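In: Here is the input, now give the coordinates:
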Amino acid sequence: MPGTLVLVPTYDERDSLPTTLRRLLESAPDVHVLVIDDGSPDGTGELAEEMAAKDSRIAVLHRSEKRGLGAAYVAGFREGLARGYDVLVEMDADGSHPPERLPQMLDAVEAGADLAIGSRWIPGGSVVDWPIHRQALSRGANAYARLLLGIDVHDMTAGFRAYRSALLDAIDLDAIDSRGYAFQIEMTIASDDAHATIVEVPIAFAERAAGVSKMSMGIVVEALVKVTGWGLGRRARRVRRTQPVP
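Out: The predicted structure follows:
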């Protein structure tokens, strides 16, 4: 699909970025890439600039400090919308999202999806090199979110996504304030509230081969607290709508 911009946030991903972008551009040679670097002290931003100088499909957005995954993606959305791209893709820099599946996700958008999610937890999806307890935690968290929020998406925390630009235009990006992985759930809620057609495409999610994970207990707590609040709020609104008008 023409007019696709892949957003790749980075913070200390110098070891992973070259391989990830090589795989991406081999799998989807027509896409453009925007690396969003939050002032990586390991020189990731400078490396991205070197890569951009050699390949016109790559551009770099520098941010002065680390302000979280959500803020990086919102900045990327705004840049992509301003440049007139038709589809904006979220993808991790660490190689955990298989770029080889991006064409199938773009096919889903072309077929009518407003949001295509690369999902681990539907038939055909999988995770590689994850211990059982981590799989159970992710499955449980997603089941909890699906049940509480009433949204039929099996991998709400998934970070490999393709958004139609019209959907992002319909979402109030100023109201999105989650910093960590709760951002993905908040964007799923906003997409559902906008009556978007959401499709899940199975992927094999692999553990990063290089670098250090950004996951922390604070990110987990943020997601749990926010999901509970969002879920209770949505349930309360549904109850009010079903009550007869006096």
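In: I'd like to know how many residues surround residue 61.
Out: Using other Cβ atoms under 10 Å, residue 61 has 18 neighbouring residues. For every residue, glycine as well, the C-beta is placed using N, CA and C.
In: Assign the closest residue to residue 113 other than its chain neighbours to helix, strand or coil.
Out: The shortest distance from residue 113 to any non-neighbouring residue, by Cβ to Cβ, 6 or more residues apart in numbering, is to residue 199 (4.0 Å). Per DSSP: H, G, I helix; E, B strand; the rest coil, the local secondary structure of residue 199 is strand.
In: Could you measure from residue 199 over to residue 96?
Out: Taking Cβ to Cβ, to the nearest Å as the measure, residue 199 falls 21 Å from residue 96.
In: swap in residue 131?
Out: 15 Å.
In: Tell me which of these two has more neighbours.
Out: Between residue 131 and residue 96, counting by other Cβ under 10 Å, residue 96 is the more crowded of the two (21 against 10).
In: Just the pLDDT for residue 219.
Out: With respect to pLDDT, residue 219 has a value of 57.
In: for residue 242, that is, sorry about that
Out: Reported pLDDT for residue 242: 59.
In: Please apply the same query to residue 223.
Out: Per the predicted model, pLDDT is 67 at residue 223.
In: Please renumber the chain so that the first residue is 516 from this point on.
Out: All set: I'll call the first residue 516, so the last point we hit is now residue 738.
In: before we move on, back to that, now for the residue nearest to residue 628, how many residues are close by?
Out: As a burial measure, residue 714 scores 19 neighbours (other Cβ under 10 Å).
In: list the contacts for it?
Out: The contact partners of residue 714, taken as Cβ atoms under 8 Å, 6 or more residues apart in numbering, are 623, 628, 630-632.
In: Show me where the chain has its helices.
Out: With DSSP state H, the ranges of helices along the chain come out as 532-542, 559-569, 584-597, 617-625, 647-664, 680-685, 697-708, 732-757.
In: I'm done for today, thanks for sticking with me.
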